[in-house]
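*Asks:* below is the sequence, then the predicted model.
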There are 2 protein chains.
Amino acid sequence: MKNKFTTPDGYTSDIAVFTITSESNGEYKPPIKKLKIMLIKRSELDHEGNPNSEAGKWALPGGFVRPNETAFQAAERKLLEETGVDGLRIKHFGVYDSPNRDKRGWIISNAHYVIANEAALKKRQTTYDASDIQLFTINKALELDLAFDHRTIIDDALWFIKKDMALTTLAKHFLPKEFVLSELQGVLLTVLDDPSISSDAAFFRKAPTLPFIEAVTENGKPKKSNAYSKTPAQLYRFTDFQPIVSVYKNKLKG
Amino acid sequence: MKNKFTTPDGYTSDIAVFTITSESNGEYKPPIKKLKIMLIKRSELDHEGNPNSEAGKWALPGGFVRPNETAFQAAERKLLEETGVDGLRIKHFGVYDSPNRDKRGWIISNAHYVIANEAALKKRQTTYDASDIQLFTINKALELDLAFDHRTIIDDALWFIKKDMALTTLAKHFLPKEFVLSELQGVLLTVLDDPSISSDAAFFRKAPTLPFIEAVTENGKPKKSNAYSKTPAQLYRFTDFQPIVSVYKNKLKG
DNA sequence: ATTAACGATTAACAAATTGTTAATTAAAGG
DNA sequence: CCTTTAATTAACAATTTGTTAATCGTTAAT
């Protein structure tokens, strides 16, 4: 189609892939959890052999959207192509379209974020060259010389994750099906900074009453785990309950 | 610039302008408030005299983004050009880029929404032909034959407004500087459906303790208004306090 | 001048939810 | 058996809800 409007020079889709890694902190202790983001090093040459824009810099996975797909579908495709990761919950969170954001021209980027359970990323490790695709802690990532305006995009993505973590049951996607309260606490603390979560006394008293998690039972008995403690700890799972929060009321239900 | 990627045929910016109208409900009664959306009737011919796409249908204000501006800036510009409305808080909430959403080709639209105090729209009424630009209640708007995928966009915008109304002090933008509790309640009820708001007993007991509003005083005395009742009612205003909500705790402070 | 009506508050109080501090518990490792 | 460590409970005062029943300050009608 021809039209008389100036049209963009490109339409891309970028994805911020977040995960929380668990690092053993000694036996019988809850592991240390850290929020990490997956970045890809831009190759020197593009797939046609020409020098690549922003070559050598670290960047978010992503690429050009094809005319027969949506940016969302492109995000799914790119994620699989570039990182070998599949089947995760992708969320759109913003558009980056400053006229000068890309030296190649007027290129609009749709930004998405993805929450990956650490296990889901394990597959990738073996399929791809680990030097070109790496997990960075947020602090490390923000110290890097990032391609385009990806630093801004990551900043924004972080803000969205924090919001989602506080307002929804997003934590579920960072946890195994059945988990122990200290694991939930650990996940929340990688992103949220709140005394009611960091104080054990407050958290352990309140958490069991949260309407969106329930204690797991087995043959009518509470199911417990010794994975991170000597004392068997109760296992919990998320229910389907979707909490509704509001500044005008306190209760999550009704 | 030339490049080897297929590029979009157009990049547009659409704006859902919401306002809450107050309709008198008799003397000494709180007025009836309704959430409305501003729509524009698409003209038969475009500005070059050619038949316009989706002519005659009602649509969101908006239009093509210029290469030297962002979609956000285009939204500001279009809003002023098409509706005479200026200086409002515009928020981006989504991208619409299904390959088939526009018969003219691959056209990507950025969707924004705006909250307009009813007074801000008054200006428009006098400057523009009222038959081509109108406020509709949400129900009426969704019954219309809307252009493109604007019905979907409006549905989504509504959802965002509800969320923002519940999670932030968005209500402030629908109210005068100083307002009475029943006005706040009226605004909330146009969008939210919650017994703790609709029940007078619950709302009037709780509202005065909300951390983000404060009673207005004048010469040390409480300032009251008789605008909607025989009994003088306390005036309130929003403070700068930004409530933080979380599914993991109840208090808005701290 | 009295009084009924009607929103807008206030009062009062039982019920439920917090925040805190101090026990308890179970298993590992001497 | 004793100590240590996390997980979990107990106990209780302090605070916050949900509800129902008064009050209060006008207006409009006897």
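*Replies:* Thanks, I have the structure now.
*Asks:* need the contact list for A:Gln185.
*Replies:* A:Pro30, A:Ile197, A:Ser198, A:Asp200, A:Phe203, A:Ala207 (Cβ atoms under 8 Å, 6 or more residues apart in numbering or on different chains). The way it works is simple: take the backbone N, C-alpha and C, and place the C-beta from them, glycine included.
*Asks:* did I read that right, it in a helix?
*Replies:* Yes - counting by DSSP: H, G, I helix; E, B strand; the rest coil, A:Gln185 is found in a helix.
*Asks:* between the contacts of A:Gln185, which is nearest chain B?
*Replies:* A:Ile197 (6.0 Å; Cβ to the nearest Cβ).
*Asks:* name the SS class of the nearest residue to the closest one once chain neighbours are set aside, please.
*Replies:* Nearest residue to A:Ile197, sequence neighbours excluded (Cβ to Cβ, 6 or more residues apart in numbering or on different chains): A:Leu188, at 5.0 Å. Three-state call for A:Leu188 (three-state DSSP): helix.
*Asks:* next, count neighbours for A:Leu188.
*Replies:* Neighbour count for A:Leu188, taken as other Cβ atoms under 10 Å in any protein chain shown: 24.
*Asks:* cool, and the one 5 residues further on?
*Replies:* A:Asp193 is flanked by 9 other residues according to other Cβ under 10 Å.
*Asks:* ok, and of the contacts of A:Gln185, which contact DNA strand D?
*Replies:* A:Pro30, A:Asp200 (Cβ under 7 Å from any atom of the strand).
*Asks:* which ChimeraX command selects the buried ones in the contacts of A:Gln185?
*Replies:* Selection of buried members from the contacts of A:Gln185 for ChimeraX, criterion 16 or more other Cβ atoms under 10 Å in any protein chain shown:
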select /A:30,197,203,207
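*Asks:* still on that earlier bit, got the contact list for the residue nearest to A:Ile197?
*Replies:* A:Leu188 sits in contact with A:Met165, A:Ala171, A:Asp194, A:Ile197, B:Tyr248, where contact means Cβ under 8 Å, 6+ apart.
*Asks:* got a winner among those residues for most neighbours?
*Replies:* A:Ala171 (27 neighbours).
*Asks:* any chance you could map the helices in chain A?
*Replies:* Using DSSP state H, the helices of chain A run over residues A:71-83, A:118-127, A:138-143, A:150-167, A:181-191, A:195-198, A:200-206.
*Asks:* okay, these in a markdown table with mean pLDDT and distance to B:Ala227 next?
*Replies:* Converted to a markdown table, these look like this (pLDDT from 0 to 100; distance: least, Cβ to Cβ, whole Å):
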| stretch | mean pLDDT | distance to B:Ala227 |
| --- | --- | --- |
| helix A:71-83 | 89 | 48 |
| helix A:118-127 | 66 | 58 |
| helix A:138-143 | 96 | 51 |
| helix A:150-167 | 95 | 35 |
| helix A:181-191 | 92 | 45 |
| helix A:195-198 | 86 | 40 |
| helix A:200-206 | 89 | 43 |
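*Asks:* highest average neighbour count across those helices?
*Replies:* The highest mean neighbour count among those, using mean count of other Cβ atoms under 10 Å in any protein chain shown, belongs to helix A:181-191: a mean of 21.
*Asks:* does that one reach DNA strand C?
*Replies:* No - residues of helix A:181-191 are not located near DNA strand C by Cβ under 7 Å from any atom of the strand, the shortest gap being 14.0 Å.
*Asks:* got the angle for that helix vs helix A:150-167?
*Replies:* Using axes from the mean of the first three to the mean of the last three Cα atoms, to 10 degrees, the inter-axis angle of helix A:181-191 relative to helix A:150-167 is 140 degrees.
*Asks:* alpha carbons of helix A:181-191, as PDB, please.
*Replies:* Output in PDB follows, covering the C-alpha atoms of helix A:181-191 (Å, rounded to 0.1, in the frame of the first residue of the first chain):
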ATOM      1  CA  LEU A 181       6.800 -19.400  53.300                       C
ATOM      2  CA  SER A 182      10.400 -18.400  53.500                       C
ATOM      3  CA  GLU A 183      10.700 -19.000  49.700                       C
ATOM      4  CA  LEU A 184       7.700 -16.700  49.100                       C
ATOM      5  CA  GLN A 185       9.300 -14.100  51.400                       C
ATOM      6  CA  GLY A 186      12.600 -14.500  49.600                       C
ATOM      7  CA  VAL A 187      11.000 -13.800  46.200                       C
ATOM      8  CA  LEU A 188       9.100 -10.800  47.500                       C
ATOM      9  CA  LEU A 189      12.200  -9.300  49.000                       C
ATOM     10  CA  THR A 190      14.200  -9.400  45.800                       C
ATOM     11  CA  VAL A 191      11.800  -6.800  44.500                       C
END
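*Asks:* low-confidence bits of chain A, can you list those?
*Replies:* Residue ranges of chain A with pLDDT under 70: A:1-5, A:122-131, A:250-254.
*Asks:* give me every residue in the stretch 1-150 of chain A lying close to DNA strand C.
*Replies:* Residues of the stretch 1-150 of chain A lying near DNA strand C (Cβ under 7 Å from any atom of the strand): A:Glu27, A:Tyr28.
*Asks:* apply 6 Å and report the result again.
*Replies:* By Cβ under 6 Å from any atom of the strand, no residue of the stretch 1-150 of chain A approaches DNA strand C.
*Asks:* could you pull out the strands for chain A?
*Replies:* Assigned by DSSP state E, the strands in chain A fall at A:10-23, A:32-41, A:58-59, A:62-64, A:90-96, A:107-116, A:133-137, A:179-180, A:213-215, A:217-218, A:221-222, A:224-225, A:233-238.
*Asks:* quick one: closest of these to B:Pro243.
*Replies:* strand A:90-96 (21.8 Å; Cβ to Cβ).
*Asks:* once you drop chain neighbours, what's closest to A:Glu178?
*Replies:* Excluding the flanking residues, the one nearest A:Glu178 by Cβ to Cβ, 6+ apart is A:Leu235, at 4.4 Å.
*Asks:* right, and that neighbour touches A:Phe179 too?
*Replies:* Yes - applying Cβ atoms under 8 Å, one finds A:Leu235 in contact with A:Phe179, separated by 6.8 Å.
*Asks:* can you pull the contacts of A:Leu189?
*Replies:* Per Cβ under 8 Å, 6+ apart, neighbours of A:Leu189: A:Lys33, A:Ile197, A:Ser198.
*Asks:* state the distance from A:Arg89 to B:Arg77.
*Replies:* 35 Å (Cβ to Cβ, to the nearest Å).
*Asks:* my bad, A:Lys33
*Replies:* Distance of A:Lys33 to B:Arg77, given as Cβ to Cβ: 46 Å.
*Asks:* which parts of the stretch 151-254 of chain A sit against chain B?
*Replies:* A:166-169, A:188, A:192, A:194-197, A:206-207, A:210, A:212, A:243-252, A:254 (Cβ under 8 Å from any Cβ of the partner chain).
*Asks:* for the residue in the stretch 51-200 of chain A positioned nearest to DNA strand D, which non-adjacent residue is closest in space?
*Replies:* Nearest residue of the stretch 51-200 of chain A to DNA strand D, counting by Cβ to the nearest atom of the strand: A:Ser182, 3.4 Å away. Leaving out its chain neighbours, the residue that sits closest to A:Ser182 by Cβ to Cβ, 6+ apart is A:Pro30, at 4.3 Å.
*Asks:* likewise A:Phe212?
*Replies:* Nearest one to A:Phe212, counting by Cβ to Cβ, 6+ apart, is A:Phe241 at 4.4 Å.
*Asks:* number of nearby residues for the one you found?
*Replies:* Around A:Phe241 there are 14 other residues, counting by other Cβ under 10 Å.
*Asks:* so what sits opposite A:Glu23 in the bridge?
*Replies:* Counting by DSSP bridges, A:Glu23 is bridged to A:Ile32.
*Asks:* how close does it sit to B:Trp106?
*Replies:* From A:Glu23 to B:Trp106 the distance is 46 Å (Cβ to Cβ).
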